[in-house]
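**Student:** How does the following fold in three dimensions:
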Amino acid sequence: MIREILRFELREQLRSPLLWLVSGLFGLLAFALGSSEAVQIGGGMGNVHQNAPLVVARLMGMFSLFGLLVSAIFVSGALLRDFEQGTAELYFSTPLRRGHYLAGRLLAAMLACLLIQVLAAAGLFLAQFMPWIAPERLGPVSLAPYGWSFAVLVLPNLVLCTTMLALFATLSRSIMWVYLGVLAFLLAYLVTGVMMRDLDNIWLVTLSEPLGLRALSWTTRYWSAEERNTGLPAITGYMLANRALWLAVAAAMLAALFASFRTGRSG
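**Tutor:** Next up, the predicted model:
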């Protein structure tokens, strides 16, 4: 039954012009960031290649944060549409299990959000082949940094953010409260980033940031230009602890989501 719910909801998501519009915009932004030093996020690259593995990882991590802003649309739509349109009663008048319904809808929303990140990665990858980029600004072409970025940053962040948004939607049954939750998360993210900038406790600084960007930054803080041009950090120390902690938080939120999900209109 999960497969049928997933297939139906994913088809609905893929029919949405908004999904393709957002995905296209993310792809274009990534293309601009990868093909021009005039478009920058998070400062200049200095002596680091425009397609360096660390540059790719940082940009894909930033797109995880940007994706949170638009993921609310697709997650809340998947979980709230039936309750807003009054079709939930029809679904749950059948032997359909609420866990199967929730799993199918949540997985479809995750895949829709993943599509946005994939097109952003595609735009970033294609950017390095543009003829106006000086050859000395580019290193070897490789797919490995994209695989690392998805495995270590994008996918864990996607699970964390979509689960958090789904929990907001389930508890509030209101897209307005979902967006308020997103704004509260972003505000807390920015405020804690400023507050912890000068702290000496590096473990606290790196563990408190849920997307792994601060852990990545501290792990590579003293890397040379050569290391930044050719390498990616091992999944140990700050990176391992950060990813393990926030995946555990995502698992706890997922358990709370399934425990709190109700089939009634009022929740």
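**Student:** could you measure L232 against V191, distance?
**Tutor:** Computed with C-beta to C-beta, to the nearest Å, the distance linking L232 and V191 is 29 Å. Any C-beta I mention is one placed from the backbone N, CA and C, and that applies to glycine too.
**Student:** And the two? Which one has more around it.
**Tutor:** L232 (22 against 10; other C-beta atoms under 10 Å).
**Student:** residues in contact with that one?
**Tutor:** Contacts for L232 (C-beta atoms under 8 Å, 6 or more residues apart in numbering) come out as P53, L54, A57, A144, P145, W148.
**Student:** can you do 10 Å?
**Tutor:** For L232, the contact set (C-beta atoms under 10 Å, 6 or more residues apart in numbering) comprises 52-54, 56-57, 144-145, 147-149, 152, 216, 219-220, 239.
**Student:** How many residues are close by the residue nearest to S260 when sequence neighbours are not counted?
**Tutor:** Leaving aside its sequence neighbours, S260 sits nearest to T170 (C-beta to C-beta, 6 or more residues apart in numbering; 5.6 Å). If you count neighbours by other C-beta under 10 Å, T170 ends up with 22.
**Student:** sorry, back to before: now, which of the contacts of L232 sits nearest E136?
**Tutor:** A52 (12.8 Å; C-beta to C-beta).
**Student:** Look up phi and psi at the closest one.
**Tutor:** Main-chain torsions, A52, degrees, to the nearest 10: phi -60, psi 150.
**Student:** Could I get the pLDDT score of it?
**Tutor:** On the pLDDT scale, A52 is placed at 91.
**Student:** In this model L124 seems to touch it, though I could be wrong.
**Tutor:** No - between A52 and L124 there is no contact under C-beta atoms under 10 Å: 11.8 Å.
**Student:** who's more crowded, the two?
**Tutor:** Using other C-beta under 10 Å as the criterion, A52 and L124 rank with L124 on top: 28 against 25.
**Student:** ok, H100 - contacts?
**Tutor:** When contacts are counted by C-beta under 10 Å, 6+ apart, H100 touches M1, I2, R3, E4, I5, L6.
**Student:** Buried residues, the strand or helix carrying F185. List them.
**Tutor:** Using DSSP states H and E, F185 sits in helix 175-195. By neighbour count with 16 or more other C-beta atoms under 10 Å, helix 175-195 contains the buried residues I175, V178, Y179, G181, V182, F185, Y189.
**Student:** Where does pLDDT dip in the stretch 1-150 of the chain?
**Tutor:** Applying pLDDT under 70 to the stretch 1-150 of the chain flags residues 38-46, 82-96.
**Student:** which stretches of it form helices?
**Tutor:** 2-14, 17-35, 53-85, 88-92, 98-127, 144-149 (DSSP state H, counting those that start in this stretch).
**Student:** need those in JSON lines with distance to L245, can you?
**Tutor:** Output for these, formatted as JSON lines (distance: least, C-beta to C-beta, whole Å):
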{"stretch": "helix 2-14", "distance to L245": "28"}
{"stretch": "helix 17-35", "distance to L245": "27"}
{"stretch": "helix 53-85", "distance to L245": "16"}
{"stretch": "helix 88-92", "distance to L245": "35"}
{"stretch": "helix 98-127", "distance to L245": "20"}
{"stretch": "helix 144-149", "distance to L245": "19"}
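**Student:** Of those, which is nearest I133?
**Tutor:** Of all those, it is helix 17-35 that lies closest to I133, at 6.3 Å by C-beta to C-beta.
**Student:** just checking, what packs against that closest one?
**Tutor:** Helix 17-35 sits against helix 2-14, helix 53-85, helix 98-127, with contacts defined as 3 or more C-beta pairs under 10 Å, 6 or more residues apart in numbering; DSSP states H and E.
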